[in-house]
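[1] Here is a sequence with its predicted model. Questions after.
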Amino acid sequence: MMNSVMGIAREISKIAPEAKIAIILTQGNILYSSVSPESEEQLVAVAKAAPKVMDVGDYQVRRLDGRRLVAVRVSERIVVGLEGAVREGLLVLYARQIHQSLRESFEELDSSLAEEARPTTHIPPALSGREPLVSRDSLQALELELGFPPDAVLTVAQPAQPVTVNMDATDLLLFKSGDGKKSIVEIAGSVGLSLEEAYRRLGRLVKLKLLAPVPPEKDPRFYKLYELSPSIESESEAMDMLATVEPNKRVLMQIVLRHLHENRPVLDYVDLYRRYGVELSPEEVYRLFRELERLGVIRLRGHAVSA
């Protein structure tokens with residue numbers, strides 16, 4: 001496999017001769033790197049977050065002490081990072097060319113990685129020390145089915161009448177983990193399940209009215225504070241990045257960007273949209289922020305104090 005990695009690194013160098021290169025797995029493993037340690041740390045963080053916030057072909061831009069970093073997700077398991085003191089637009093152009101020109105090479109490497117990752121005997125995730133790969137499509141399908149995302153926080157519900165439910169030991173452990181503080185992602189990690197399996201099982205308990213998403217005023221997701229990404233210098237530049245977004249959604253995102261400087265938590269935008277004559281639930285508003293974050297337009301700055 002290392003021969004394949006080195007061959008890809010050489011091809012990337014031909015496309016981006018002024019840039020230093022990193023090839024990183026979405027689990028955080030570094031396959032190849034010539035970037036600085038500081039840039040490497042930043043790119044590993046982007047790679048680990050990629051399965052949740054980036055589609056294949058998406059890129060993120062960051063600045064670090066006069067240098068530019070561009071990370072592009074080139075396959076399900078691989079992120080390529082570029083570091084350079086050249087113009088940001090040039091690095092972005094290189095990133096796009098790398099994804100397009102070397103797509104088949106990355107797919108072949110991805111397949112090789114998948115074969116190597118396939119265990120000969122089953123090792124529970126909690127013992128393997130590695131989070132199983134999760135299909136982005138399957139998570140999106142579950143979110144549509146259940147009505148809440150994998151970072152939702154669940155708590156014990158009070159059913160209107162007693163119910164009898166068959167639960168195995170895993171279901172019982174998940175039920176006890178619904179403490180109104182941990183997200184589904186955090187619960188999955190704490191009990192040693194893949195995110196997809198924990199999400200599906202917890203969704204069943206929600207349908208049975210044993211668990212429920214916490215009320216919006218107590219949901220920590222809705223108290224997140226966002227700011228423009230460091231690579232974006234003005235609101236107008238941020239607006240330009242929405243050119244490919246569907247028109248109706250683009251208008252809603254533009255409202256977010258116009259008010260971002262006001263330091264509002266996500267929940268406040270429900271009333272703000274109402275003033276514009278638009279009725280959106282806190283979940284729908286949060287999805288807009290998540291999409292803007294995925295596009296690299298905004299980033300998480302912190303959290304407001306919740307009720």
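    Now that the structure is in, tell me what you want to look at. Residues are numbered from 1 along each chain as shown.

[2] All the helices of the stretch 201-307 of the chain, in order from the start?
    Listed in chain order, the helices of the stretch 201-307 of the chain (DSSP state H, counting those that start in this stretch) span 235-240, 247-259, 268-275, 282-294.

[3] if I pick I298, what's in contact with it?
    Contact partners of I298, counting by CB atoms under 8 Å, 6 or more residues apart in numbering, are 226-229, 238, 256-257, 260, 289, 292. The C-beta positions use only the backbone N, C-alpha and C, and glycine is treated the same way.

[4] Dump these into TSV; add neighbour count and pLDDT as well.
    Below are the contacts of I298 laid out as TSV (neighbours: other CB atoms under 10 Å; pLDDT from 0 to 100):
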residue	neighbour count	pLDDT
Y226	20	94
E227	14	93
L228	19	92
S229	20	89
A238	23	90
V256	22	95
L257	19	95
L260	20	94
F289	21	95
L292	23	93
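
[5] Looking at the residues you listed, spot the one nearest P150.
    For these, the residue nearest P150 by CB to CB is F289; the value is 15.4 Å.

[6] Wait, that closest one touches V266, no?
    Yes. With contact defined as CB atoms under 8 Å, F289 and V266 form a contacting pair (5.7 Å).

[7] Quickly list what's touching both of these two.
    Common neighbours of F289 and V266 are listed as 224, 226 (criterion: CB under 8 Å, 6+ apart).

[8] What's opposite Y226 in the beta bridge?
    Per DSSP bridges, the residues bridged to Y226 are L300.

[9] hang on, R62 is in a strand, isn't it?
    Yes. Assessed by DSSP: H, G, I helix; E, B strand; the rest coil, R62 belongs to a strand.

[10] Please tell me I have it right and it contacts I232.
    No. Look at R62 against I232 with CB under 8 Å: they stay out of range, at 10.9 Å.

[11] Of the helices of the stretch 201-307 of the chain, which is nearest D58?
    Among the helices of the stretch 201-307 of the chain, helix 282-294 sits nearest to D58 (CB to CB), with 6.9 Å.

[12] Please state the offset of the closest one from the chain centre?
    Averaging C-alpha positions (CA atoms, centre = their mean, to the nearest Å) puts helix 282-294 12 Å from its chain's average.

[13] So which residues make contact with that helix?
    53-55, 58, 147-149, 216, 219, 221-222, 224, 226, 245, 249, 252-253, 256-257, 266-267, 269-270, 273, 280, 298-300.

[14] Among these, name the buried ones.
    Among the contacts of helix 282-294, those classed as buried by 16 or more other CB atoms under 10 Å are 53-54, 58, 148-149, 216, 219, 221-222, 224, 226, 245, 252-253, 256-257, 266-267, 269-270, 273, 280, 298-299.

[15] rewinding a little: quick one, which of the helices of the stretch 201-307 of the chain is packed in tightest?
    The highest mean neighbour count among these, using mean count of other CB atoms under 10 Å, belongs to helix 282-294: a mean of 19.

[16] ok, what's across the strand from P213?
    Beta-bridge partners, per DSSP bridges, of P213: L154.

[17] Quick check, it in contact with R221.
    No. Under the contact definition of CB under 8 Å, P213 does not touch R221, with a separation of 9.8 Å.

[18] joint contacts of those two?
    With CB under 8 Å, 6+ apart as the test, P213 and R221 both reach 152-153.

[19] Could you work out the end-to-end span of stretch 273-288 for me?
    End-to-end distance for stretch 273-288, by CA to CA, to the nearest Å: 12 Å.

[20] Nearest residue to P282 in space, please, no chain neighbours.
    P216 (4.2 Å; CB to CB, 6 or more residues apart in numbering).

[21] ok, then the element right after the helix or strand of the chain with the lowest mean pLDDT?
    The least trusted helix or strand in the chain, going by mean pLDDT, DSSP states H and E, turns out to be helix 125-128, with a mean of 42. Next helix or strand after helix 125-128 toward the C-terminus (DSSP states H and E): helix 136-146.
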